[in-house]
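K.L.:
fold the following for me, if possible:
(chains A and B)
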Amino acid sequence: MNEIIIGIDLGTTNSEVAIVENGKVHIITDDGKKILPSVVGIDDNGEILVGETARNQYLIYPERSVKSIKRLMGQDTHVIMAGLDYTPQEISAIILKRLKAIAEKHVGQSISKAVITVPAYFSDAQRQATHEAGEIAGLEVVRMINEPTAAALVYGAGRDEAKRMLVYDLGGGTFDVSVVNVQAGVVEVLSSHGDNHLGGDDFDQQIVNHIQDHIKEQHGINISEHSKALARITRAAENAKLVLSDEPFALIEEEYLLEHEGSPIHLTLELSRGDYEDMIEDYINATMDALHIALKGAKLTVSDIDEIILVGGSTRTPCIRERLFEEFGFEPHSEVDPDLCVAMGAATQAAMIAGQDVDTVLVDVTPYTYGTSALGFLDGAPYPYQFVPIIHKNSVLPTRKSEAFMTFQDGQKSVNVRIFQGEDPDALNNIEIGEFMVEDLQDVPAGNIITLTLALDLNGMLHVSAKEKATGLEKSITINNAISRFETEELAGAKRRIDSLFGQMDSSSDEIETSDDVSESKAVAEARQLIKKAETLFDTVSDEDKEDMVNLIETITDCIEAGDEGALQEPVEQLNDIIYYLES
Amino acid sequence: MTTPYQILGVSEHANDAEIKQAYLNLVKENPPDRDQERFQQIQHAYETIKDSDSRINYELFHFPETDFNALLDHAFQQKTELRSLNPDDFFRLLNAVSIDKAVTGAIKNKSS
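P.N.:
Residues are numbered from 1 along each chain as shown, chains lettered A, B, ... in the order given. Model prediction:
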């Protein structure tokens, strides 16, 4: 039997897991749901939450929840969840672990390998971070494929006639556009371009800003100081955006948003589709510019494109379809659910790697130019950091290119090699992705030849080596996200940490199922925690509120002492409501 | 020596469409996953002769691994070798060359 490899779309807002079974691609459901929101949280009992529950908790306890972690992947940063620090890799690993568990439950055996998709325009550091997240989650990432390429694989599979496709992929946090040639069973990416920080989240933020301005104008309150109210507004903005995909107007209503100078603030605001489209116009223009760069990269024009494929939830925005229609003169395709297409492509590629018969071959490109810096000329003047491209944008993967350089000084013993990613002739305007020294060179006059070799693997990850030609002395590195390098031990540590989080969850959920005593004490423990929280608020609340709270606390304490769990629920909920209102 | 035409199994008079078809057929049989060396060989052969521009490059300079553009740069640009250099060395170099010499050199270059 073939080994099972799952396909995972690890998205900014939503994630999915898919598998090929009996030659058919199948999205694996969890509790009937195909989509797992990419939100992680820690609940009252220190248990980990992933998906819908975490998304709901985000409204009440934003400080114990993390969303859109994909936007931070590849950065040397951390997020705080319930008072503890986590790297973006660890948070992503929690989501991956959940997806792995969903798949394992479906197939009834353990799974250790996955194909994970990344935005085509993900940088080397972002790819490396995704790979590490897989390792922390206990998944060997056998391949990372680009999201628009995965979608093209789904649309291109089993088609005989030659077609040129443009994949427009606008997700929660990233935008990619790829030009693809499908012909003779080969899905051949001709060019890719994109933006790592452009997506539906930005659209939400525009609406949030609009609401913030409105509240400031109406009530003179700066809402960004109220984290819970802000979380509610963010959710309301997301909902309004979804409504505007189908309706010309959306009503944004949030009652008791917060209390200001003793009186409650209610939010009621109508947003028209026209106003919303004005807010996001700059973003849409940016995607159109990227689209033309991709076409130029493929040496094609608008009229060469036969089909447009829409991928990513944000492509449901009507004005995107309209703009594409204006540009190309025909309607884009979205027959395959734009939210599921990428995971399906990942599963298809996974099946191919696992050795199942899939009659489509994938040829992909890098969206970036990689090179080094050297003494040269910039604008006609000598310049020490001229960018020397070695692997050019839109080169087919895998690829390997070498360039020869010479030492500059007599007896030069070492060379410092810096690697950059970008298009600017001034290396310093590009992103430096790594640096290393080649030492112990021969003591010879200037002109000692050093060969620098750059290789991009099928995952789009860069490997660099430098060799002294005369001696064969070689120094090589994989660009391990030089900025936030995870050492092997750190990775193992992170894995243990995340495992233990899940361990807690597993053991406690077992206990609830097996023993009534434990679940009783859990409800009681929650009630006690709530009482403690209420008491900390006594100093700041009005006498009236305090009296209500004291009465409820007495009722709850009585119930606990009497062992009457059924009666506990009502006063606990009431107390919870008061606390929620007071805190926001 | 194996020519790109031989690698792709096409005649030297093949047109763009025939070359493309031959390339795709070979890729189908040799996906990048299976044998990366073989795939890169096919890919390189294809890029060398895929359209008339690249074929002219190849006919004119069909030495293996020759970069036509790099040769053009060499022929028409100021003769500068690309060297790894740190900024300190660079400024030391600037100071080492006297302004007089640099100016005379520039004038000479212009008049020649």
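
K.L.:
roughly how far does A:Gly563 sit from A:Val524?
P.N.:
To A:Val524, A:Gly563 is 9 Å away according to CB to CB, to the nearest Å. Quick note: C-beta positions are derived from backbone N, CA and C, even for glycine.

K.L.:
and if you look at A:Gln349?
P.N.:
50 Å.

K.L.:
more neighbours: which of these two?
P.N.:
Neighbours were counted for A:Gln349 and for A:Val524 using other CB atoms under 10 Å in any protein chain shown; A:Gln349 has more, 26 against 16.

K.L.:
in which helix or strand would I find that one?
P.N.:
Assessed by DSSP states H and E, A:Gln349 sits inside helix A:341-353.

K.L.:
listing partners with orientation, what would you give for whichever helix or strand comes after that helix?
P.N.:
Scanning forward in sequence from helix A:341-353 by DSSP H and E, the next helix or strand is strand A:361-363. Strand A:361-363 sits in its sheet next to strand A:186-195 (parallel), going by DSSP bridges.

K.L.:
okay, the residue of the stretch 51-200 of chain A found nearest chain B: pLDDT?
P.N.:
Going by CB to the nearest CB, chain B is nearest to A:Ala184 of the stretch 51-200 of chain A, at 4.2 Å. On the pLDDT scale, A:Ala184 is placed at 90.

K.L.:
okay but it is in contact with B:Lys28, surely?
P.N.:
Yes - the pair A:Ala184 / B:Lys28 is scored as a contact, 6.4 Å apart, by CB atoms under 8 Å.

K.L.:
mind listing the helices for chain A?
P.N.:
Per DSSP state H, chain A carries helices over the ranges A:52-60, A:88-107, A:124-136, A:147-156, A:200-219, A:227-246, A:273-297, A:318-328, A:341-353, A:488-514, A:516-536, A:543-562, A:565-583.

K.L.:
ok, residue 7 - contacts?
P.N.:
All of this refers to chain A. By CB atoms under 8 Å, 6 or more residues apart in numbering or on different chains, the contact set of A:Gly7 is A:17-20, A:114-115, A:117, A:150, A:343-350.

K.L.:
hmm, I had chain B in mind actually
P.N.:
Listed by CB under 8 Å, 6+ apart, the contact partners of B:Ile7 are B:41-42, B:45.

K.L.:
try 10 Å
P.N.:
B:Ile7 makes contact with B:22-23, B:26, B:38, B:41-42, B:44-46, B:48-49, according to CB atoms under 10 Å, 6 or more residues apart in numbering or on different chains.

K.L.:
likewise A:Met73?
P.N.:
Per CB under 10 Å, 6+ apart, neighbours of A:Met73: A:10, A:12, A:87-89, A:91-92, A:118-119, A:122-123, A:125-130, A:132-133, A:173, A:196, A:481.

K.L.:
up against chain B, what does the stretch 401-550 of chain A have?
P.N.:
Applying CB under 10 Å from any CB of the partner chain, we find that the stretch 401-550 of chain A lies next to chain B at A:402-409, A:412, A:414-418, A:438, A:446-447, A:450, A:452, A:455, A:457-458, A:466.

K.L.:
ok so, going back, contacts with chain A among the contacts of B:Ile7, please.
P.N.:
Answer for the contacts of B:Ile7 near chain A (CB under 10 Å from any CB): B:23, B:26, B:44, B:46.

K.L.:
any of those residues buried? List them.
P.N.:
For the ones next to chain A among the contacts of B:Ile7, a burial check counting by 16 or more other CB atoms under 10 Å in any protein chain shown picks out B:23, B:26, B:46.

K.L.:
returning to that earlier point: find residues that contact each of A:Ala184 and B:Lys28.
P.N.:
With CB under 10 Å, 6+ apart, A:Ala184 and B:Lys28 have common neighbours A:Val361.

K.L.:
so what's A:Phe203 closest to, chain neighbours aside?
P.N.:
A:Ile280 (5.1 Å; CB to CB, 6 or more residues apart in numbering or on different chains).
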